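1. Any chance you can model this:
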Amino acid sequence: QVQPVESGGGLVQAGDSLTLSCAAAERMFRSYTVTWFRQAPGKEREFVATIGWRGITYSDSVKGRFTISRDDDTNTVHLQMNSLKPEDTAVYYCAADLSASQAQTLEADYWGQGTQVTVSS
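-> All right, here's what the predicted structure looks like:
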């Protein structure tokens, strides 16, 4: 069992960059596939990016602008977001699951509380 905790959200302008972090105290976090999701007001939660033993995958909407990475020494997964757009405004969540397939769905086992990202135009 792991408890992911997100941090790094904030208010930025279009074109700016921001890095989100998803950390867990449990050393076994490094064995989990970790996925970033986001949920904009009035919209469904959507997949953003995932990292695990199967590799890295991005949604088409962020490919080329966002980079997901992990630091196993600190049990942290980062989401570097560049060239931010107003449509990137959302609450960003990280989720973790030992199943790489399930980790990329809303059925992932463990979720953080979310961090707000607001991009002004």
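
2. How about the secondary structure of the residue nearest to the spatial centre of the chain?
-> Central residue of the chain (Cα atoms, centre = their mean): Trp36, 2.5 Å from the mean position. Look at Trp36: counting by DSSP: H, G, I helix; E, B strand; the rest coil, its state is strand.

3. can you tell me how far it sits from Ala103?
-> 11 Å (Cβ to Cβ, to the nearest Å). (Each C-beta comes from the backbone N, C-alpha and C, glycine too.)

4. list residues touching both of these two?
-> Applying Cβ atoms under 8 Å, 6 or more residues apart in numbering, one finds that Trp36 and Ala103 are jointly contacted by Thr50.

5. hang on, the earlier thing: what's the closest non-adjacent residue to the residue nearest to the centre of the chain?
-> Counting by Cβ to Cβ, 6 or more residues apart in numbering, Trp36 lies nearest to Val48, which is 4.2 Å off, once chain neighbours are set aside.
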